[in-house]
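[1] structure for this input, please:
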Amino acid sequence: MNGKRVLVTGGAGFIGSNLANHLAADNDVVAVDDLYLGTPENLDDAVEFHEKSVLDDDLPTEDVDVVFHLAALSSYKMHEENPTKGARVNIEGFVNTVEQARNDGCDTVVYASTSSIYGSRTDPSPEDMPVEARTGYEASKLARERYAEYFHNHYDMHLAGLRFFSVYQGFGGAEEHKGEFANTIAQFADKIANGESPELFGDGSQTRDFTHVDDIVRGIEVAADNRLQGIYNLGTGESYTFNEMVRMINEVLGTDVEPAYIDNPLDVYVHDTMADCTKIRAATGWEPQISFEEGVERVCEPYLNE
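    Numbers count the residues shown, from 1 in each chain. Have a look, this model is predicted:
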């Protein structure tokens, strides 16, 4: 993508800032964020930043060619602390942003959904399998998908909903400000590097399809370039247990920190995830390029250089 004017909501957050900074090399990028979970320090100077909520009625949507809607209360825990606020931000904020962009002539939107709606699966999860909302967070993302269907059918817009799997970068990137909401790789690597035992729920056998943010950013961009419509998975199609992850971090850091196993405190917990990315591969040719081994090395690299 080049020569476009684009809006990134949640643009000062983890994925949003990586996307905004990447696109700013060849595009005019505007980022909005209410700084609930983002920080403008994540953004390059080339990105035009506005401290705004997606619920505001004066979003900077003028002359925007593409909207990348990543703003959300982005976890089960965050959403359950205030389900009404979660619904407003995740659903009303989506509708509000798309409607303002549509009124200003934009017809292309790429937005974040979630892979957690697949539940626990050790087999790859295709987009057309049955899904359900077990949490308010999942309900809000499914509502986005339905509203996107409405905007497409009623206004002939193109809206690509991307079900991200477990996105990571590490505290050496833009995750550190997320703290307890950062991906487990980032949190565990930081603890192990500092000689602390990471806490694993249960026996550490749960698995995740860990996907590096650089691959996610490329997937988001190709979804816009191809003006995709509908729902697409973004993941690697491979899964690793938390025990394997801890072992790999120890190997890279040259440490031998044992994890601490604790009871799972969460009422709803997805034990296993794995993406089936056949659909986006067929539509765009997108493939993940960063193996988990390389990703762990990238996460650990800043600690090796201290």
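[2] who's in contact with the residue sitting furthest away from the middle of the chain?
    Distance from the centre of the chain peaks at residue 256, with 30.5 Å (C-alpha atoms, centre = their mean). Each residue near residue 256 by C-beta atoms under 8 Å, 6 or more residues apart in numbering is listed here: residue 250. From N, CA and C alone the C-beta is placed, and that goes for glycine too.
[3] tell me the mean pLDDT over the longest helix along the chain?
    Across the chain, the longest stretch assigned as helix under DSSP state H is helix 136-155. Average pLDDT, helix 136-155: 96.
[4] circling back to that earlier point, and the residue farthest from the centre of the chain, that's in a helix?
    No. Under DSSP: H, G, I helix; E, B strand; the rest coil, residue 256 sits outside any helix and is assigned coil.
[5] for residue 157, see how far away it is.
    54 Å (C-beta to C-beta, to the nearest Å).
[6] what are the contacting residues of the helix-or-strand element of the chain with minimal mean pLDDT?
    Across the helices and strands of the chain, mean confidence by mean pLDDT, DSSP states H and E is lowest for helix 76-81: a mean of 78. With contact meaning C-beta under 8 Å, 6+ apart, helix 76-81 is reached by 37, 73, 86, 90, 116, 135-138, 140, 181, 266, 268.
[7] for that helix, buried residues please.
    76, 78, 79, 80 (16 or more other C-beta atoms under 10 Å).
[8] looking at the residues you listed, which is nearest residue 243?
    residue 76 (22.7 Å; C-beta to C-beta).
[9] can you spell out which helices and strands pack onto the longest helix of the chain?
    helix 76-81, helix 83-87, helix 93-103, strand 108-112, strand 158-164 (3 or more C-beta pairs under 8 Å, 6 or more residues apart in numbering; DSSP states H and E).
[10] CA atoms of the third one as PDB?
    Extracted C-alpha coordinates of helix 93-103, given in PDB (Å, rounded to 0.1, in the frame of the first residue of the first chain):
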ATOM      1  CA  GLY A  93     -17.200   2.400  18.700                       C
ATOM      2  CA  PHE A  94     -17.000   0.200  15.700                       C
ATOM      3  CA  VAL A  95     -20.300   1.300  14.200                       C
ATOM      4  CA  ASN A  96     -19.500   5.000  15.000                       C
ATOM      5  CA  THR A  97     -16.100   4.800  13.300                       C
ATOM      6  CA  VAL A  98     -17.300   3.000  10.200                       C
ATOM      7  CA  GLU A  99     -20.400   5.300   9.800                       C
ATOM      8  CA  GLN A 100     -18.300   8.500  10.100                       C
ATOM      9  CA  ALA A 101     -15.800   7.100   7.500                       C
ATOM     10  CA  ARG A 102     -18.700   6.000   5.200                       C
ATOM     11  CA  ASN A 103     -20.200   9.500   5.400                       C
END
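[11] could you tell me how far that helix lies from the centre of the chain?
    With C-alpha atoms, centre = their mean, to the nearest Å as the basis, helix 93-103 stands 20 Å off its chain's centre.
[12] report all helices and strands that it contacts.
    Using 3+ C-beta pairs under 8 Å, 6+ apart, helix 93-103 is in contact with strand 5-9, strand 66-69, strand 108-112, helix 136-155.
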